[in-house]
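> no FASTA, just this:
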C-alpha cells in the first residue's frame, strides 16, 4: 500500500495522507527541453551528481502526449532537459479531419511543440495500421537508442482506441527489450531509469489506477494553450484564446479531478511500470 504518491521532481511532492509530511523526496525522474533530431542527450548537474539524461514521451497520435502529460513536459523543459515527443503515427492521409492536410498537421505539430521546448518526432505509420511486430518495435527502439532517455512515458495499455493499445505494447517492449531487436543487438543500449504510463482521458483509458501524482498547477495554463493550438491546427484555423474547446474542457476536468485526489488545483496522474523507492524522511 502506497502512503505517498510517487513524484517525478523532488520539489513537486504531493502527499496522499495528510497526517504525514514529506521532508525529502527520492531522487526523482528527471525531465527535459527541446532539441533537434539526432542531437545527443544534454548533460547538466553538479560535479557530484550523475548527468541527467533526456525525457522521451511516446504516444500513438500527434496529441496523445500534449493531452496526457503536457504539464510534466513543460516542467521538464523548464528544468533545462531535452524533451522528445515521439508519435508512432506520422501519416494522416487516412484521417478525415485533416483530409489533404496530413503533412501540414505534422509540420504544425513540430512547430507548436518547439514553442514549448519540445522536439517532435514521427514514425511513418497511419491510424489503424500500426502493426505490433518486430519491425515496429525496432523502429521505436532506434529512437530510444538515439535519444538515450533517462525517463520515458508511454500510454496505459488498456484503452478504447486500438491505436493506443498497439502503441503501448510496442513502446513498452522497445523501452525494456529494445536492444534485442536492433540490427546490432550488442551495441551500447540503456533502458530508461524510470518508465511511467499515462492516462489519455475518460473517453479512452480503461481501468487506470494511478500511483503517482504530479502538481502541474503552475504549468496548467500553458499546457491548455498548447492543446488548444493543436486543436485549432486540426480545424485549420488560427488559435484564439477564449472559450475552451471540447478537448481543452476534457483535459481541465480530468486534471481538476486528479488535483482533488491529491489536494492541489491541477495534477497529472501516472502509473509507474516498476516500483521505485521514495525517501520519506
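Noted; the coordinates are in hand. This one's a predicted model, so the numbers in the text were calculated from it and none came from an experiment.
> Report the beta-bridge partners for the residue nearest to the spatial centre of the chain.
The chain has residue 57 as the residue nearest its centroid, 3.5 Å off, counting by CA atoms, centre = their mean. With DSSP bridges as the criterion, residue 57 is bridged to residue 85, residue 153.
> Would you check that it makes contact with residue 71?
No: counting by CB atoms under 8 Å, residue 57 does not reach residue 71; the two are 11.7 Å apart. Glycine gets a C-beta too; all of them are placed from N, C-alpha and C.
> returning to that earlier point: against residue 279, how distant is the residue nearest to the centre of the chain?
According to CB to CB, to the nearest Å, residue 57 and residue 279 sit 25 Å apart.
> any weak-confidence spans in this structure?
1-52 (pLDDT under 70).
> where do the helices sit along it?
Assigned by DSSP state H, the chain shows helices spanning 64-78, 102-115, 134-147, 162-177, 220-235, 246-262.
> Return the most buried member of those helices.
Of the helices of the chain, the one with the most neighbours on average (mean count of other CB atoms under 10 Å) is helix 64-78, at a mean of 26.
> Which residue is the nearest non-sequential neighbour of residue 93?
Closest residue to residue 93 apart from its sequence neighbours, by CB to CB, 6 or more residues apart in numbering: residue 102 at 4.9 Å.
> residues contacting that neighbour?
91, 92, 93, 95 (CB atoms under 8 Å, 6 or more residues apart in numbering).
> Mind putting those into TSV with distance to residue 176 and neighbour count?
Below are the contacts of residue 102 laid out as TSV (distance: CB to CB, whole Å; neighbours: other CB atoms under 10 Å):
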residue	distance to residue 176	neighbour count
91	27	16
92	29	24
93	32	12
95	30	18
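> Show me which of these is closest to residue 142.
residue 91 (17.8 Å; CB to CB).
> Tell me how far the closest residue to that closest one other than its chain neighbours lies from residue 148.
Leaving aside its sequence neighbours, residue 91 sits nearest to residue 126 (CB to CB, 6+ apart; 4.1 Å). Using CB to CB, residue 126 is found at 28 Å from residue 148.
> Kindly provide the distance from residue 55 to residue 198.
12 Å.
> Looking at those two, which is more packed in?
The residue with more neighbours, out of residue 55 and residue 198, is residue 55; 32 against 25, by other CB atoms under 10 Å.
> My read is that the more buried one contacts residue 73, right?
Yes: counting by CB under 8 Å, residue 73 is a contact partner of residue 55 at 7.3 Å.
> Give me the neighbour count for the residue nearest to residue 91.
By other CB under 10 Å, neighbour count at residue 126 equals 16.
> For it, list the residues it contacts.
89, 91, 92, 93, 94, 95.
> List phi and psi for residue 242.
Per-residue torsions, residue 242: phi 160, psi -140 (degrees, to the nearest 10).
> any residues in contact with both of residue 55 and residue 198?
residue 153.
> that older thread, so which of the contacts of residue 102 are in strands?
residue 91 (DSSP state E).
> Could you measure from the closest residue to residue 144 other than its chain neighbours over to residue 64?
In space, residue 144 comes closest to residue 178 once its chain neighbours are excluded; the distance is 5.1 Å by CB to CB, 6+ apart. With distances taken as CB to CB, residue 178 is found 20 Å from residue 64.
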